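Trainee: Pasted the sequence and its predicted model underneath.
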Amino acid sequence: MTWVNVVIQGVLLGGLYALYATGLSLVFGVMRLVNLAHGDLSIMGAFACLVLVGILDVNPLLSLVLVLPMIFVVGYLLQRLMLNFTLKGDDMRPLLATFGLSVIIQNGLLVGFSADSRGLDAGWIENASLSLGGGLAVGWFPLLTLVVAILVIVLLNSFLTRTRLGRAFRATSDDQEAARLMGIDNRHIYALAMGIALGIVALAGVFMGIRTTFTPGIGPARLIFAFEAVIMGGLGSSWGPWRVASHWAWPRRWASSSRRAGESS
Amino acid sequence: MVSRQITVHHSTATSRVALAVSAVVVAILITVPFWAEQRTSRTLVSLLTLIALAQMWNLLAGYAGLVSVGQQGYIGIGAYSLWLLTDVFGVSPFLAVPMTGFFAAAISLPTAGLVFRLKGGYFAIGTWVMAELFRLAVANIPQTGGGSGKTITSVAQMAVTTRMRGTYWLALACAVGAIVVVYALLRARVGLALTAIRDNEPAVESLGVHVFRAKLWAYVVAAFGCGVTGSVIYLNLLRIQPDPSFSIQWTAIMIFIVVIGGVGTIEGPILGALIFFALQETLSQHGSWYLILLGVLAVIITVWFPGGLWGTVVRRWHIHLFPVQRRLLLTGSEEAGVVAESQDA
């Protein structure tokens, strides 16, 4: 039964990686920007959640109601006031700018929160599980993560294919110049895309923060997760990363279950 | 009728003066260990290695359009192959240093085969993943000391003065060598290809330039340079460990220096290294705040002053100390003069 368990856990963990990958993929798809600060921004989301939980004394999942709009605004302003200026010319400038940003965020968090590893406490849901019989059990929280991930991707997909704004996103992605001629303000579209992407990534950061611990310096490792899933699943595709993320999560679960190490991945 | 001939020139009056001044500066630098305190030459070693590393990164990003975030991989390989050559094979440390470059270059060839399939930002992350792979491989080989690393004993047992002097001269050789190699490479045929690739890759490819080969040159030379410089750094530090030797921090430093100084120029990384070094000496005790300041500086320069400091100087005063662009001069006519000057933005 071990392998069934590994497959199930893999699919569940895949949801989380898919969230990381979706944000990276969206930004690349719309404006051909590779965000090297992706992982750090997700950690920033987790820290924002930590602060809010500390102030308001609520469940981290509930605090998302505030965290996500906040991060959306951060993403919007970041793109509008800074990254938009780097999109002209070669593709080196956005890379260097986001690399600088990554260093700023990591060290900013280090100054504000020290290098201690933190965790978010979501209460009973973290340890509760649903028994499937035959010695198999599925944790409620991993299940919730997967459901949320699927929901996010479905919503994003229908937003991109069904709505007027989504059409503007796709138009800008296909041909920036032509889209501008049709009256689309690409600066605004890019900023919205960054806002949405960071919202998704912050969501991933918070879920990851509940699942395991995080430190100010862990961002780059999260970026590499996202990158691997995006590369293997295909750039700019929204389901690809998820498929790959879950396939890819299996060997990881397998390795940790056969090692019986307490380390959660 | 006067016959007109067009000849190609590189040098200008400014560049000839710059060359003479550089020769004097290098000559003075060579004599440093004889008259200066040991602390001074130790400080200079870190400045010189910074210049060498920055030149290598600039060759990749500024000319070949390859934004690598994985050069720390070759620094680590340089450090570990120094240990392998000296402690395991018993090669003399100063002889081993240039040999480490070949290790790095040999590993960079298959690596290039993989990462060159990726473009732009994905190339950046791909090189980073490769560097992580090297780190994990080294950390998992028990013979190299695993995660806790090794001390390079044969170097540590050398007489201090010999080691310090040797390290200093090797560091100087790295810095001067890096500048000379980049300069020579850019003035050769492959340099023309590289500069053109930076400006417009599809156009260059359609003209029949072998883009892959030109980029491979840059990548392998940069790996060699980072490998040798890495081993010089570890002649000084003596202890190799997977985490610090393969740390992304190395590449972060290279990026900061090149971005601040000016990407795509030879003068930029030298200027950048001097500024970075001055900031490091005065502010590094502030730890995180110092890094935040560097990050902010890099972001401001990338977003609003894309040419860096030297780029701004060039745009305002048209000074080229190490000109790599070609100027066409008319000779044999009465109004001899510059007819064309290739752009070097």
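Mentor: Received, thanks. What you see is a predicted model; the values in this text were computed from it and never measured.
Trainee: got a list of what the residue in chain A positioned nearest to chain B touches?
Mentor: Nearest residue of chain A to chain B: residue A:34, at 2.3 Å (C-beta to the nearest C-beta). All C-beta atoms are positioned from the backbone trio N, CA, C, and that covers glycine. Residue A:34 sits next to A:24, A:27-28, A:91, A:94-95, A:98, B:120-122, B:124-125 when contact means C-beta atoms under 8 Å, 6 or more residues apart in numbering or on different chains.
Trainee: do that again at 6 Å, thanks
Mentor: Residues near residue A:34 by C-beta atoms under 6 Å, 6 or more residues apart in numbering or on different chains: residue B:121.
Trainee: before we move on, what SS does it have?
Mentor: Counting by DSSP: H, G, I helix; E, B strand; the rest coil, the backbone at residue A:34 sits in coil.
Trainee: isn't there a strand covering residue B:328?
Mentor: Yes - Residue B:328 forms part of a strand when assessed by three-state DSSP.
Trainee: Could you check how far it is from residue B:116?
Mentor: In this view, residue B:328 and residue B:116 are 34 Å apart by C-beta to C-beta, to the nearest Å.
Trainee: Which of those two has more residues huddled nearby?
Mentor: Legend: neighbour count by other C-beta atoms under 10 Å in any protein chain shown for residue B:328 and residue B:116, higher for residue B:116 (16 against 13).
Trainee: what about residue 110, which helix or strand?
Mentor: Since you didn't name a chain, this refers to chain A. Taking DSSP states H and E as the criterion, residue A:110 maps to helix A:92-113.
Trainee: The chain in question should be chain B.
Mentor: Here residue B:110, judged by DSSP H and E, is contained in helix B:93-115.
Trainee: starting at the chain centroid, how far to the helix or strand containing residue B:124?
Mentor: According to DSSP H and E, residue B:124 maps onto helix B:120-139. Distance of helix B:120-139 from its chain centroid, counting by C-alpha atoms, centre = their mean, to the nearest Å, is 19 Å.
Trainee: quick one: average pLDDT of that helix?
Mentor: Average pLDDT, helix B:120-139: 88.
Trainee: Can you identify the element that follows that helix toward the C-terminus?
Mentor: strand B:150-151.
Trainee: Strand partners (parallel or antiparallel) of that following strand?
Mentor: With DSSP bridges as the test, strand B:150-151 is paired with strand B:239-240 (antiparallel).
Trainee: Using PDB, write down the CA coordinates of stretch B:154-174.
Mentor: Taking Å, rounded to 0.1, in the frame of the first residue of the first chain, the C-alpha atoms of stretch B:154-174 are listed here in PDB:
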ATOM      1  CA  SER B 154      49.500  21.500   1.900                       C
ATOM      2  CA  VAL B 155      48.700  25.200   1.300                       C
ATOM      3  CA  ALA B 156      48.200  25.900   5.000                       C
ATOM      4  CA  GLN B 157      51.600  24.400   5.800                       C
ATOM      5  CA  MET B 158      53.400  26.800   3.500                       C
ATOM      6  CA  ALA B 159      55.500  29.600   5.000                       C
ATOM      7  CA  VAL B 160      53.100  32.600   5.500                       C
ATOM      8  CA  THR B 161      55.200  35.100   3.500                       C
ATOM      9  CA  THR B 162      55.600  32.700   0.500                       C
ATOM     10  CA  ARG B 163      51.900  31.900   0.500                       C
ATOM     11  CA  MET B 164      50.900  35.600   0.800                       C
ATOM     12  CA  ARG B 165      53.200  36.800  -1.900                       C
ATOM     13  CA  GLY B 166      52.300  33.900  -4.200                       C
ATOM     14  CA  THR B 167      48.600  34.500  -3.600                       C
ATOM     15  CA  TYR B 168      49.000  38.200  -4.300                       C
ATOM     16  CA  TRP B 169      50.800  37.800  -7.600                       C
ATOM     17  CA  LEU B 170      48.300  35.200  -8.700                       C
ATOM     18  CA  ALA B 171      45.400  37.500  -7.800                       C
ATOM     19  CA  LEU B 172      47.100  40.300  -9.800                       C
ATOM     20  CA  ALA B 173      47.600  37.900 -12.700                       C
ATOM     21  CA  CYS B 174      43.900  36.900 -12.500                       C
END
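Trainee: Count residues in the vicinity of the spatially closest residue to residue B:92 that is not a sequence neighbour, would you?
Mentor: Excluding the flanking residues, the one nearest residue B:92 by C-beta to C-beta, 6 or more residues apart in numbering or on different chains is residue B:86, at 7.6 Å. Using other C-beta under 10 Å, residue B:86 is surrounded by 24 other residues.
Trainee: May I see the buried residues of stretch A:65-83?
Mentor: By 16 or more other C-beta atoms under 10 Å in any protein chain shown, the buried positions in stretch A:65-83 come out as A:67-68, A:70-72, A:74-76, A:78-80, A:82-83.
Trainee: do the same with stretch A:102-122
Mentor: Buried, per 16+ other C-beta under 10 Å, within stretch A:102-122: A:102-110, A:120, A:122.
Trainee: where in the stretch 201-345 of chain B is pLDDT low?
Mentor: B:331-345 (pLDDT under 70).
Trainee: now the strands for it?
Mentor: With DSSP state E, counting those that start in this stretch as the criterion, the stretch 201-345 of chain B has strands at B:239-240, B:327-331, B:338-341.
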